[in-house]
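Asker: Next come a sequence and a model predicted from it.
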Amino acid sequence: MDPTLHIAGAAALETALNRAFSLDPAVANRLGELEGEVFHLACTAPAIDLYLAPRAGRVRLKSFHDGNVTTSVRGTARDFADLATADDAAAALINGNIELSGDSAPLMTLQRILSSLELDWEAPLVNALGDVVGHQLAEALRGLFSWGRMAQSSLLRQLEEFVHEEARLSPPKAELEDFYEDVAILGQRVERLQAKLRRLAARVPERS
Amino acid sequence: MSETDKTHFGYQTVDQDAKAGLVAGVFDSVAARYDLMNDLMSGGIHRVWKRFTIEVSAARSGQRVLDIAGGTGDLAARFSDIVGPNGSVVLADINASMLEVGRDKLINQGYLGNIEYVQANAENLPFPDEHFDIVSIAFGLRNVTDKGQAIADMLRVLRPGGRLLILEFSKPGNPLLSRAYDSYSFNVLPVLGRLVAGDSESYQYLAESIRMHPDQDTLKGMMEDAGFLRCEYFNMTGGIVALHRGFRA
């Protein structure tokens, strides 16, 4: 791929991220804790390699990095989004599909900062639209976002129940675990039987 | 006068002594609207090319950077942010008009303290040996009369381990793209130049000078001949532009 598109994409994403950080300056300043660290984000779908270098108040997103990397993470865009917004980053890393190499502690710090980002829509809206309209719109947005977050989690729960219980498209987790255990036991028994057969075969005298 | 005393000025062959003056005429004419023209001519993509140059430079806090033919200061501003108060950036340009426009622009944007402005010829850089960590030249080398001499002088002012970055128009790899690009350069650029900067000849020169500039492999060979190590280039936008990088041993 021509690097021009890649670089332009990184630049656009960097601008968007920094605009988000500018709406929560307190959290953005905590990025200064990670100054000097470089995170390599190897996204497999879509296939993009990015390097994220935080500093107080903002991040740099680069398409090319010549130097040491603190932490390298590999996964799909969805995996990254899940990790960035997870309540428990360690659990998300262990249970998720992300592959990690390097030092995980700075990555945890970055995740904590990203997940604590509370965007204050009010200041830019009030600047653009005036006190009354700006404030009302910001309130509406806040409501919409918290509703959106609740709706998303309850929708996911309902969807999971429907897939398992109603449509029977996939067995529930407990049933699957039982099945995996049975398979493991069966595997062990086959191995034992094989060993027994080998021992018996050794006792039978070879035909001349 | 012998052939060796001649050089290119676009498609014309001129005396070596005359080229610097002719190039100065071009940039005196376009300096005031240089940024606007760059955006118009490249559709804003020149910012992407320069951004990649900064990434490949791997500049760090505290380093000393020389930006030759720095023009209106796009690269110098980014370098200034990165090297911080403990580092320094020298914005050098042979052309006083360009340097003045660049200096005013950067001061107006609040860049003070770690940037110096020096009017200098790339062939005879007024800096001590082994002084800079990074030397960059973006869209400037093709206007230099003796490119080999300029590259050798860039090597001289670099510290061991320092890197040179040359961002310059180059040769597109795809023949179809090359034809479209030629047609754009010779038909659209001079018209844009006339409409926006009031000067079509200068932009005709820019288009011609791009065609006369050495291609990717030739320029890489020139860097190696000058003594640079680990030379490589990165093609961008189909090879319309290439970034060359080499290290001083």
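Answerer: Sure thing, it's come through. Numbering: from 1, shown residues only, chains lettered A, B, ... in the order given.

Asker: which residues of the chain fall in strands?
Answerer: With no chain named, the answer covers chain A. A:39-44, A:47-55, A:58-62, A:71-75, A:99-102 (DSSP state E).

Asker: nope, chain B
Answerer: Using DSSP E, strands in chain B cover B:6-9, B:12-15, B:64-68, B:88-93, B:115-119, B:132-138, B:158-169, B:229-236, B:241-247.

Asker: The last one pairs with which strands, parallel or anti?
Answerer: With DSSP bridges as the test, strand B:241-247 is paired with strand B:158-169 (antiparallel), strand B:229-236 (antiparallel).

Asker: okay, and for chain A, where does confidence drop off?
Answerer: The model of chain A has pLDDT under 70 over residues A:1, A:119-125, A:128, A:137, A:140-155, A:206-208.

Asker: 90 instead, please
Answerer: A:1-30, A:35-36, A:41-50, A:55-61, A:63-64, A:66-68, A:73, A:75-105, A:107-180, A:202-208 (pLDDT under 90).

Asker: Show me the helices in it, by range?
Answerer: Here chain A has its helices, by DSSP state H, at A:3-22, A:25-29, A:77-85, A:89-95, A:104-115, A:122-129, A:131-161, A:173-203.

Asker: Output stretch A:157-169 in CSV, but only the C-alpha positions, please.
Answerer: C-alpha atoms of stretch A:157-169 as CSV (Å, rounded to 0.1, in the frame of the first residue of the first chain):
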residue,chain,number,x,y,z
ARG,A,157,-27.1,-9.4,27.3
GLN,A,158,-30.4,-9.9,25.6
LEU,A,159,-28.8,-10.9,22.4
GLU,A,160,-26.7,-13.5,24.2
GLU,A,161,-29.8,-15.0,25.9
PHE,A,162,-31.6,-15.1,22.6
VAL,A,163,-28.7,-16.9,20.8
HIS,A,164,-28.3,-19.4,23.6
GLU,A,165,-31.9,-20.0,25.0
GLU,A,166,-34.4,-19.1,22.3
ALA,A,167,-32.8,-19.7,18.9
ARG,A,168,-30.5,-22.5,20.2
LEU,A,169,-27.9,-21.2,17.7
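
Asker: Can you point out the buried residues in it?
Answerer: residue A:164 (16 or more other C-beta atoms under 10 Å in any protein chain shown). C-beta coordinates here come from the backbone N, C-alpha and C atoms, glycine included.

Asker: do the same with stretch A:78-93
Answerer: Applying 16+ other C-beta under 10 Å to stretch A:78-93 flags A:79-80, A:82-83, A:86, A:89, A:92-93 as buried.

Asker: How about stretch B:209-221?
Answerer: B:209-211, B:213-214, B:216, B:219-220.

Asker: For that stretch, give me every contacting residue.
Answerer: Stretch B:209-221 is contacted from outside by B:8-11, B:141-143, B:147, B:166, B:168-171, B:182, B:185, B:222, B:231-233, B:235, B:239, B:242, B:244, using C-beta atoms under 8 Å, 6 or more residues apart in numbering or on different chains.

Asker: Out of the residues you listed, which end up buried?
Answerer: So, by 16+ other C-beta under 10 Å, the buried ones in these are B:8-10, B:141-143, B:147, B:166, B:168-171, B:185, B:222, B:231, B:233, B:235, B:239, B:242, B:244.

Asker: Wondering if stretch B:57-67 reaches chain A at all.
Answerer: Yes - between stretch B:57-67 and chain A, judged by C-beta under 8 Å from any C-beta of the partner chain, the touching residues are residue B:58.

Asker: And for that stretch, what's in contact with it?
Answerer: The list of residues contacting stretch B:57-67 from outside it, by C-beta under 8 Å, 6+ apart, reads A:65-67, B:75-76, B:79, B:82-84, B:86-92, B:125, B:127, B:131-138, B:157, B:163, B:165.
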